[in-house]
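Peer 1: From the sequence below, what's the structure:
(chains A and B)
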Amino acid sequence: MIEIRDLTKIYQLSKRQQAKLKVSSSTKIAVNHLSLTAHEGEIFGLLGTNGAGKTTTLRCLATLLHPTEGQVLIDGLDTVKDSAAVRSKIGFLTNEIKLDPQFTPLYLMHFFGSLHGMDDEQISQRTKLLFSQFGITEFQDKKIDELSSGMKQKASIAVSLIHDPDVIIFDEPTTGLDIITARTVTDYLLQMKKEGKLVIISTHIMSEAEKLCDRVAIIIDGKLAAQGTVSELLAQEQADDLEDAFFRLYLAHEKEVQA
Amino acid sequence: MNNIKIVFNKEMRRVFRDPKMIFSLFLLPVIILIGIYSLIGYLAKAEASDQEQHKSVISVQNAPADLESALSDFFGSAQVTWLDSQADITAAKQQIYDGTSDLLVIFPENFLQQVEDYEAGSSIPEVLTFYNPSQNYSTSARENFVAQMTSVYEKNLLKQRFGDLNALTAFTIDQNNPGSVIQDEQKASGKLLATMLPYMITLLLFAGTMSLGTDTIAGEKERGTMASMLVTPAKRSEIVLGKLLSLTVLSLLSALVYLVALIVALPQAMSFGEEMAFSITGSQIAMLAAVILSLAFLYVALVAVVAVFAKSVKEASAYVTPIYLLVIVAGIFTMISPGSGVKDTVYYLIPVYNCSVAMGEVFTMDLTITHFLLTFFSTLAYGGILTAVIAKAFGSEKVMFNA
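Peer 2: Reported below is the predicted structural model:
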């Protein structure tokens, strides 16, 4: 279970960053008093525009960032106090984390498996399974550097799942993938859900969220704008599809800000 | 502990599985070094043989009658123009200025007469030479001429004046005393090594660390591969130690390769180390190795501390350069004062400097056990403090993710 309790993340901006963002304040509130809960056996989607705070929220879940206020618990473990224990439970995938270009997918599976405390036997079995699932076997001995971006993404996904984590945190997992590869990934996420795992993803592709997610949270400007199942949200906003619902919420938010 | 080993192995694999890395880290420097020194040696030899073969161009005005026969060796191998007292010497001077002539010598008119007529208190005839010190040929022609004049020609004249030259010699110093130099040959050779080696070791170690260290830390940050390790349950300190230890080993290896190359290449460049009565004992090797090891670790930690706070490899390289200059300065200090007596204990606590001093003193056999231990453990301690800082930085979101 993931419990996000009143999470706030404020970045300190340097002078240069202020100039770049054209703001005069020396802080930026990336996530603003966000609370939500996600459970085992469901796919939970964080929806929002670029810069809405999705990635920051997921990084807080992955222990890479510390909440400025509030708390994040994963299976009851605090991401700040029990960060090592949290990291052994989660599989985290994000665009900013890259695989070392000089190594092969096969070696990287062994390297990260070892860091997760697995023995060679466990690593080999798990690697075999994931590689056949994602079709990595044929290029498992090529350097990451020589792979196409789709192959790289597949390898990254396999590496993030080497230790068979209970909680899967994927930041925009299908971005940059072709239709077939994207389908492989979403199919795998559905399979994970069936196995009783908790999957939380961020996306700005509304159709993907509609098909994939059991429940979604719409985040606008770091704040939770709405949450619930897709049909709940459609009914609430009297919209035909999720994209419509999102726009209504977005416009309402804009009005609120201007008022 | 296990995680340190896993990270260590990965870092080593990164280097040793990559032919390009092996070539640029270990082979290229050696090739360049040996190439440069061979070239220096070749040029020096060519210069020397050129000097020998060169026929000096000399003009002599008012030469005494017996000069040419007395200095037949010297003038025989030169192209000499004999000038009389009427000759114009401006042209001869211009040729020296231009480098087409090497030496102009002017004797006073009636030189021999003046020598012969000498009485106590009368003036001494003066021989004038004109040469061009920025021309090697000119310098050596003048040196040879002056040496010949004083050692052969002047002695001939004095013999004519006094008959017995020994009357002019009140005493000699060390003319028949081959045992005059009393020193420990080992220590003397050690002093040469004490001057050169610590400086080179300290420099080479740092040079090797610089490129590797900035890449494995700042480079991984920049490429986004560092974060992949940070989302595993491995402790930050384990990741840091694994990286630092592998860097230490790699920089030691690279320094070793350099050193071997230097020892092979140097004699070709200079007549260095030809007759060195130097032998090194087991305990000396052990102390030297320990000091070098601790120093390599400190350097690695120093570079890593800079690299971890830098946002890119470029930035890291820029920050490391001033530290490199400091290391060079610390090395120069030890070259100035090797083996100049026992130093205060407190000197063995100054980072980097203490290692250079200790390495020098291993060769001159001046290093005491206390000073050795102080150097070794203080260096490790400084490295340890830096390691703790780096581990702390690895946990900082500001440093690692620029957040």
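
Peer 1: What ranges does chain A have for its strands?
Peer 2: Listed in chain order, the strands of chain A (DSSP state E) span A:2-12, A:27-38, A:43-47, A:69-74, A:77-78, A:90-93, A:167-171, A:198-203, A:215-220, A:223-229.

Peer 1: Deepest-packed of those, please.
Peer 2: strand A:43-47 (a mean of 26; mean count of other Cβ atoms under 10 Å in any protein chain shown). C-beta here means a position set from N, CA and C on the backbone, and glycine is covered the same way.

Peer 1: so what secondary structure elements neighbour the worst-scoring helix or strand of chain A on mean pLDDT?
Peer 2: Sorted by mean pLDDT, DSSP states H and E, the helices and strands of chain A end with helix A:15-21, the least confident at a mean of 79. Secondary structure elements in contact with helix A:15-21, counted by 3 or more Cβ pairs under 8 Å, 6 or more residues apart in numbering or on different chains; DSSP states H and E, are absent; no helix or strand qualifies.

Peer 1: same thing but 10 Å
Peer 2: Where contact means 3 or more Cβ pairs under 10 Å, 6 or more residues apart in numbering or on different chains; DSSP states H and E, helix A:15-21 is packed against strand A:27-38.

Peer 1: The strand it packs on pairs with which strands?
Peer 2: Counting by DSSP bridges, the strands paired with strand A:27-38 are strand A:2-12 (antiparallel).

Peer 1: if I read this right, residue B:354 contacts residue B:348, doesn't it?
Peer 2: Yes - Residue B:354 is in contact with residue B:348 according to Cβ atoms under 10 Å; the separation is 4.7 Å.

Peer 1: ok so, going back, now the strands of chain A as CSV including distance to residue A:141?
Peer 2: Formatted as CSV, those follow (distance: least, Cβ to Cβ, whole Å):
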stretch, distance to residue A:141
strand A:2-12, 37
strand A:27-38, 37
strand A:43-47, 33
strand A:69-74, 35
strand A:77-78, 37
strand A:90-93, 23
strand A:167-171, 26
strand A:198-203, 30
strand A:215-220, 40
strand A:223-229, 44
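
Peer 1: which residues are common contacts for residue B:354 and residue B:348?
Peer 2: Overlap of the contact sets of residue B:354 and residue B:348 (by Cβ atoms under 10 Å, 6 or more residues apart in numbering or on different chains) consists of B:371, B:372, B:374, B:375, B:376, B:378, B:379.

Peer 1: in what helix or strand does the fourth one lie?
Peer 2: Using DSSP states H and E, residue B:375 sits in helix B:369-394.

Peer 1: how about that helix: buried residues?
Peer 2: Of the residues in helix B:369-394, those scored as buried under the neighbour-count criterion (16 or more other Cβ atoms under 10 Å in any protein chain shown) are B:371-372, B:374-376, B:378-380, B:382-383, B:386-387, B:389-391, B:393-394.

Peer 1: next SSE after that helix?
Peer 2: helix B:397-401.

Peer 1: Output that next one as PDB - backbone C-alpha positions only.
Peer 2: What follows is helix B:397-401 as a C-alpha-only set of coordinates in PDB (Å, rounded to 0.1, in the frame of the first residue of the first chain):
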ATOM      1  CA  GLU B 397      19.000  15.500  -3.300                       C
ATOM      2  CA  LYS B 398      20.400  19.000  -3.900                       C
ATOM      3  CA  VAL B 399      23.800  17.600  -4.900                       C
ATOM      4  CA  MET B 400      22.700  14.400  -6.700                       C
ATOM      5  CA  PHE B 401      19.500  15.600  -8.500                       C
END
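
Peer 1: What average pLDDT does the helix or strand harbouring residue B:204 get?
Peer 2: Secondary structure assignment for residue B:204, by DSSP H and E: helix B:185-213. Rounded to a whole number, the mean pLDDT of helix B:185-213 is 76.

Peer 1: Equivalent analysis for stretch B:227-236, please.
Peer 2: Over the span of stretch B:227-236, the pLDDT mean works out to 92.

Peer 1: who in chain B is up against chain A?
Peer 2: By the criterion of Cβ under 10 Å from any Cβ of the partner chain, the positions of chain B lying close to chain A are B:2-3, B:5-7, B:9-10, B:13-15, B:17-18, B:20-21, B:220, B:223-236, B:238-239, B:242, B:395-398, B:400-403.

Peer 1: which of these count as buried?
Peer 2: With burial judged by 16+ other Cβ under 10 Å, the buried subset of those is B:3, B:6-7, B:10, B:14-15, B:21, B:220, B:223-236, B:238-239, B:242, B:395, B:397, B:400-401, B:403.

Peer 1: Figure out which of the strands of chain A is closest to residue B:75.
Peer 2: Ranking the strands of chain A by proximity to residue B:75 (Cβ to Cβ) places strand A:2-12 first, at 85.1 Å.

Peer 1: That closest one vs strand A:69-74, what angle?
Peer 2: What separates the directions of strand A:2-12 and strand A:69-74 is an angle of 140 degrees, with axes from the mean of the first three to the mean of the last three Cα atoms, to 10 degrees.

Peer 1: and the gap between the closest residue to residue B:126 other than its chain neighbours and chain A?
Peer 2: Distances taken as Cβ to Cβ, 6 or more residues apart in numbering or on different chains put residue B:108 closest to residue B:126, at 6.8 Å, once the chain neighbours are dropped. Distance from residue B:108 to chain A, counting by Cβ to the nearest Cβ, to the nearest Å: 80 Å.

Peer 1: tell me the secondary structure for residue B:100?
Peer 2: With DSSP: H, G, I helix; E, B strand; the rest coil as the basis, the three-state label of residue B:100 is coil.

Peer 1: what's near enough to touch the closest residue to it other than its chain neighbours?
Peer 2: Nearest non-adjacent residue to residue B:100, counting by Cβ to Cβ, 6+ apart: residue B:57, 7.0 Å away. Contacts for residue B:57 were tallied using Cβ under 10 Å, 6+ apart; they are B:78-81, B:92, B:95-96, B:99-104, B:137-138, B:141.

Peer 1: what's the helix or strand for residue B:57?
Peer 2: strand B:56-61.

Peer 1: Pairing partners for that strand, with directions?
Peer 2: In the sheet containing strand B:56-61, its partner strands are strand B:78-83 (parallel), strand B:103-106 (parallel), by DSSP bridges.

Peer 1: Kindly provide the whole-number mean pLDDT of it.
Peer 2: Rounded mean pLDDT across strand B:56-61 is 92.

Peer 1: can you redo the strands of chain A as JSON lines with mean pLDDT?
Peer 2: As requested, these are arranged in JSON lines below (pLDDT from 0 to 100):
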{"stretch": "strand A:2-12", "mean pLDDT": "93"}
{"stretch": "strand A:27-38", "mean pLDDT": "92"}
{"stretch": "strand A:43-47", "mean pLDDT": "96"}
{"stretch": "strand A:69-74", "mean pLDDT": "95"}
{"stretch": "strand A:77-78", "mean pLDDT": "96"}
{"stretch": "strand A:90-93", "mean pLDDT": "95"}
{"stretch": "strand A:167-171", "mean pLDDT": "95"}
{"stretch": "strand A:198-203", "mean pLDDT": "95"}
{"stretch": "strand A:215-220", "mean pLDDT": "94"}
{"stretch": "strand A:223-229", "mean pLDDT": "93"}
